[in-house]
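S.K.: sequence and computational prediction follow.
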Amino acid sequence: MAAISAAMVKELRQATDAPMMDCKKALTETDGDMEKAKEWLRERGVAKAAKKSDRVAAEGAVSVKVADTFASASLVEVNSETDFVAKNEGFQALMGNTIAQIFDNKLGSVEELMETGYETGKFSEYFTETVAKIGEKIEVRRLITIDAAKNGCVNGYVHANGRVGTLVACVCDNEKTAELMAPVMKQVAMHAAAMKPTVLSYKDFDPAFVEAETAGRIEAIKKENEERARMKKPLLNVPQFISRLQLTDAVIAEAEAKIKEELVAEGKPEKIIPNILPGKLKRFIEDNTTLDKEQALLDQNYVLNDKLTVAEAVAEEAKKHGGTCEIVEFVRYEVGEGIEKKEDDFAAEVAAQMA
């Protein structure tokens, strides 16, 4: 049995950041073999991670990395159990290395990430060892890399709290326009972080979802109007529809005919009706596309100019540069969204620890 010196323990601790007693035990178990001791600690880290597998990691952070040329960008969400851990230096270093690995290798899935080479082994080994040092359940939840198309660019944004990140990609008429539109894509990414769109365009909604949402919203407005009537407050408009997806040519034609009838009934001269009609029709569309305004990025009112939609604002900005631009993709991650957090029973937890 090799003698285990304090210097050996110190060297192993410096190499692995594992607790001193664990380092001594690892060297004892491996007869002083430094490499085998590291492997022993690595396996111990895996055991620790397995014990934490039933915990819920719903805190954490997101990170974005964008190419200097705006030709590609990556986004990742890494979850932890507590917000406290998500703010420590170890976790932040792990985040930085993770997003760099994703970006440098143009990765699109967690599985790919974990299998990539890193230092002297796989990235999964580095990740597991680092998590073991931090001492809390940490996992890469999701990631994406977007490569800009020809004559396109991609940009991203992470909100100051580190919990919301977005990527936005566009295609332009030429390379020069794409270069000039990169800062605008950053602004749109900031808009998406704040306004929480769920789809790019109203065209991306599931018709069944729109149908169910329509019925629910109309019923909710009717109930609110009952209360407003009781309180003698102005009633809210009850829409027929909530998305442009529902406004077929037939629906628009019917709405136009009805508006004309109303204008005639009001005594408006026939010759000025064509001048009034576009504004009335625009109002009809706005009143009947509330879902689009809430959840479809291109159809939302742009935060930097709420008189325009995001699509209109981008087109107008490109026009200033003598070109055209269209947003073709966006991604938004918010830490913990969709994860059901476990409600802790503190008394039960203390009892379990004392058992």
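M.R.: Yes, it's here.

S.K.: pLDDT weak spots in the protein?
M.R.: Residue ranges of the chain with pLDDT under 70: 1, 17, 43-57, 340-355.

S.K.: run through the strands of it in chain order.
M.R.: 59-66, 72-80, 117-118, 121-122, 138-147, 152-158, 164-172, 301-302, 305-309, 325-334 (DSSP state E).

S.K.: how far is the second one from where the chain is centred?
M.R.: Read it as strand 72-80. 9 Å (C-alpha atoms, centre = their mean, to the nearest Å).

S.K.: show me what that strand packs onto, helices and strands only.
M.R.: Using 3 or more C-beta pairs under 8 Å, 6 or more residues apart in numbering; DSSP states H and E as the contact test, the elements touching strand 72-80 are strand 59-66, helix 89-105, strand 138-147, strand 152-158, strand 164-172, strand 325-334. Every C-beta, even on glycine, is put in place using the N, C-alpha and C of the backbone.

S.K.: quick one: strands adjacent to it?
M.R.: Here strand 72-80 has these sheet partners by DSSP bridges: strand 59-66 (antiparallel), strand 138-147 (antiparallel).

S.K.: export the strands of the chain to CSV and tack on mean neighbour count and distance to residue 221?
M.R.: Shown next, in CSV, are those (neighbours: other C-beta atoms under 10 Å; distance: least, C-beta to C-beta, whole Å):
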stretch, mean neighbour count, distance to residue 221
strand 59-66, 23, 35
strand 72-80, 24, 35
strand 117-118, 13, 54
strand 121-122, 13, 55
strand 138-147, 20, 35
strand 152-158, 25, 34
strand 164-172, 25, 30
strand 301-302, 18, 20
strand 305-309, 13, 23
strand 325-334, 20, 28
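
S.K.: hang on, the earlier thing: now the strands paired with strand 72-80 in TSV, please, with extra columns for distance to residue 162.
M.R.: Formatted as TSV, these follow (distance: least, C-beta to C-beta, whole Å):
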stretch	distance to residue 162
strand 59-66	4
strand 138-147	14
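
S.K.: of these, which is nearest residue 226?
M.R.: strand 59-66 (41.4 Å; C-beta to C-beta).

S.K.: so that closest one versus strand 325-334, what angle?
M.R.: Between the axes of strand 59-66 and strand 325-334, defined by axes from the mean of the first three to the mean of the last three C-alpha atoms, to 10 degrees, the angle is 150 degrees.

S.K.: and strand 59-66 with strand 164-172, angle?
M.R.: Using the same axes, to 10 degrees, strand 59-66 lies at 30 degrees relative to strand 164-172.

S.K.: contacts for strand 59-66?
M.R.: For strand 59-66, contacts defined as C-beta atoms under 8 Å, 6 or more residues apart in numbering pick out 72-83, 85-86, 91-92, 95-96, 98-100, 102-103, 138, 141, 154-158, 162-167, 333-336.

S.K.: recalculate using a threshold of 7 Å.
M.R.: Outside strand 59-66, the residues that touch it by C-beta atoms under 7 Å, 6 or more residues apart in numbering are 73-83, 86, 95, 99-100, 103, 155-158, 162-165, 167, 333, 335-336.

S.K.: how many other residues sit next to the closest residue to residue 180 other than its chain neighbours?
M.R.: Of all residues not flanking residue 180 in the chain, residue 321 sits nearest, at 4.8 Å (C-beta to C-beta, 6 or more residues apart in numbering). Residue 321: 18 surrounding residues under other C-beta atoms under 10 Å.

S.K.: torsion angles phi and psi at residue 321?
M.R.: phi -90, psi 10 (degrees, to the nearest 10).

S.K.: looking at it, it is touching residue 178, isn't it?
M.R.: No: the pair residue 321 / residue 178 is not scored as a contact, 10.0 Å apart, by C-beta atoms under 7 Å.

S.K.: quick one, helices of this protein?
M.R.: Along the chain, counting by DSSP state H, helices occupy 6-16, 20-29, 34-51, 83-86, 89-105, 110-115, 123-134, 175-195, 207-230, 249-265, 273-287, 290-295, 310-320, 346-354.

S.K.: can I get the ones you listed in a markdown table with mean neighbour count?
M.R.: Rendered in a markdown table, the data for the helices of the chain read as follows (neighbours: other C-beta atoms under 10 Å):
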| stretch | mean neighbour count |
| --- | --- |
| helix 6-16 | 15 |
| helix 20-29 | 18 |
| helix 34-51 | 16 |
| helix 83-86 | 17 |
| helix 89-105 | 17 |
| helix 110-115 | 15 |
| helix 123-134 | 19 |
| helix 175-195 | 20 |
| helix 207-230 | 13 |
| helix 249-265 | 13 |
| helix 273-287 | 13 |
| helix 290-295 | 20 |
| helix 310-320 | 18 |
| helix 346-354 | 8 |
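
S.K.: who wins for proximity to residue 242 among these?
M.R.: Between the helices of the chain, helix 290-295 lies closest to residue 242; by C-beta to C-beta that is 4.2 Å.

S.K.: hmm, who's touching that closest one?
M.R.: 197-199, 202, 210, 213, 239, 242-244, 299-301.

S.K.: who touches residue 72 in this structure?
M.R.: So residue 72 contacts 106, 145-148, 154 (C-beta under 7 Å, 6+ apart).

S.K.: let's see 6 Å
M.R.: Shown in contact with residue 72 (C-beta atoms under 6 Å, 6 or more residues apart in numbering): residue 147.

S.K.: got it, and the one 10 residues further on?
M.R.: Under the criterion of C-beta under 6 Å, 6+ apart, the contact partners of residue 82 comprise residue 59.
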